[in-house]
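> Got a predicted structure here, sequence first:
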Amino acid sequence: QVQLVESGGGLVQAGGSLRLSCAASEPTFSSYTMGWFRQGPGKEREFVIAISWSALNTYYADSVKGRFTISRDNAKNTVTLQMNSLKPEDTAVYYCAAGSRCSWSKPCYNYWGQGTQVTVSS
């Protein structure tokens, strides 16, 4: 059972940046694709970005291309989401997720964190 804990959310003005981190409890973290999803007010949870276990492949939602990047440190069991040029529509609870050989498909991910709130003011 992989436990995931997100950190780094908060309030930022439009155009600003935030960095989210996700720490995993298991050494097997390195074998999982790690993804970030978000759920805005009144919306369904949607895919944001993901990185393969080797970090050779990354997957992006069109809405965040050129603004968000993802990285991982398998030695530290952490994954980081760097969010730049934030927009009010990026306001959401952001969830870290882990799954085997996943990309953008939400059902593929087996393990989820509790989420961290990101609020972007206009």
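Nice, I can see it.
> residues contacting the most centrally placed residue in the chain?
For the chain, W36 is the residue whose C-alpha lies nearest the centre (Cα atoms, centre = their mean; 2.4 Å). Residues in contact with W36 (Cβ atoms under 8 Å, 6 or more residues apart in numbering) are L20, C22, V48, I49, A50, I70, V79, L81, Y94, Y95, C96, A97. Yep, even glycine has a C-beta here, placed from its N, CA and C like the rest.
> neighbours around the second one, how many?
The burial count assigned to C22 is 27, neighbours taken as other Cβ atoms under 10 Å.
> and what of the fourth one?
For I49, the neighbour count with other Cβ under 10 Å is 23.
> i'd like the first residue to be 29 from this point on
Fine by me, first position is 29 from now on; the one you just mentioned is I77.
> That one sits in which helix or strand?
Using DSSP states H and E, I77 falls within strand 74-79.
> that older thread, filter the contacts of W64 down to just the buried residues.
Neighbour-count burial (16 or more other Cβ atoms under 10 Å) applied to the contacts of W64 gives L48, C50, V76, I77, A78, I98, V107, L109, Y122, Y123, C124, A125.
> Which ones among the residues you listed map onto helices?
Cross-referencing the buried ones among the contacts of W64 against helices under DSSP state H gives no overlap.
> Turn the residues you listed into a markdown table, including distance to Y87.
Converted to a markdown table, the buried ones among the contacts of W64 look like this (distance: Cβ to Cβ, whole Å):
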| residue | distance to Y87 |
| --- | --- |
| L48 | 17 |
| C50 | 16 |
| V76 | 9 |
| I77 | 7 |
| A78 | 4 |
| I98 | 9 |
| V107 | 13 |
| L109 | 13 |
| Y122 | 16 |
| Y123 | 16 |
| C124 | 15 |
| A125 | 12 |
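> which one of those residues is nearest K134?
Comparing the buried ones among the contacts of W64 against K134 with Cβ to Cβ places A125 closest, at 8.0 Å.
> Enumerate every residue touching R95.
R95 touches M111, N112, S113, L114, counting by Cβ under 8 Å, 6+ apart.
> show me where the protein has strands.
Here the chain has its strands, by DSSP state E, at 32-35, 38-41, 46-52, 61-67, 74-79, 86-88, 96-101, 106-111, 120-127, 139-140, 144-149.
> Okay then, goodbye and thanks.
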